[in-house]
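K.L.:
Sequence first, predicted model second:
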There are 2 protein chains.
Amino acid sequence: MKVVKVGDAIAFKSEKMNKVSLFDTDRFFCDVYCLEPGQTQKVHAHEGSDKIYYILEGSARITIGAEEKEVHAGEMTMAPSGDEHGVVNHTSDKTTMLVFMAPKPQ
Amino acid sequence: MKVVKVGDAIAFKSEKMNKVSLFDTDRFFCDVYCLEPGQTQKVHAHEGSDKIYYILEGSARITIGAEEKEVHAGEMTMAPSGDEHGVVNHTSDKTTMLVFMAPKPQ
């Protein structure tokens, strides 16, 4: 029985957003994304997989399909299969978020 | 683009643990479980689905397979397909946790 202290897994990279894997099974993965100010995950899409974002600390602008919203600590949103989605830390503070995706993209 | 403020979704029931659905797709669900002191989710199993628990507030004793551990706010654990799992709020404070399961049980 693996118990992960999420705060201990958080680590930033100066060159780009850092993804840290917390759990990875045949059925889904859960990562923590760590974004320094200005860091991004480019808009992209996965056919057949849905993805949840839950903001742990800070804020981000999240794009899903044709919409973009500012999402704050304690808030959650979801990118459905096939919809383009991406993330920008537009703030001057660090931002961390849990990301769940199922099923894992092929 | 649905954005959920998780804190606003939290609601307790005096008679039993309350599950509040945050997102529910063809591929997974995400709930917040709200447990008053002493409330439980009985040990059970789902063949073919994995489940993640992430503690938002408080602590719980979580059973997965033959193990039981105390899991605290900011910690995450995972019950793999087929393993028995259950939750007890053994404390005198309220406990809330995010729960992700994929795929949805049939």
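P.N.:
That came through fine.

K.L.:
make it CA atoms for all contacts and neighbour counts henceforth
P.N.:
OK.

K.L.:
what about chain A, any weak spots by pLDDT?
P.N.:
Residues of chain A that meet the criterion pLDDT under 70 lie in A:106.

K.L.:
Write out the residues of it neighbouring chain B.
P.N.:
A:1-7, A:23, A:25, A:27-28, A:49-50, A:64, A:67, A:71, A:74-78, A:100, A:102-103 (C-alpha under 8 Å from any C-alpha of the partner chain).

K.L.:
Let's see that with 7 Å instead.
P.N.:
A:1-7, A:27-28, A:50, A:64, A:67, A:74-77, A:102-103 (C-alpha under 7 Å from any C-alpha of the partner chain).

K.L.:
Show the residue spans covered by the helices in chain A.
P.N.:
In chain A, the segments counted as helices under DSSP state H are A:6-9.

K.L.:
before we move on, the earlier item: mark which of the residues of chain A next to chain B are buried, thanks.
P.N.:
Among these, those buried by neighbour count (16 or more other C-alpha atoms under 10 Å in any protein chain shown) are A:3-6, A:27-28, A:50, A:64, A:74-77, A:102-103.

K.L.:
circling back: of the residues of chain A next to chain B, which belong to strands?
P.N.:
A:3-5, A:50, A:64, A:67, A:75-77, A:102 (DSSP state E).

K.L.:
circling back: farthest-apart pair in the buried ones among the residues of chain A next to chain B, please.
P.N.:
A:3 and A:64 (31.0 Å; C-alpha to C-alpha).

K.L.:
Which single one of the ones in strands among the residues of chain A next to chain B is nearest to residue A:43?
P.N.:
residue A:64 (8.5 Å).
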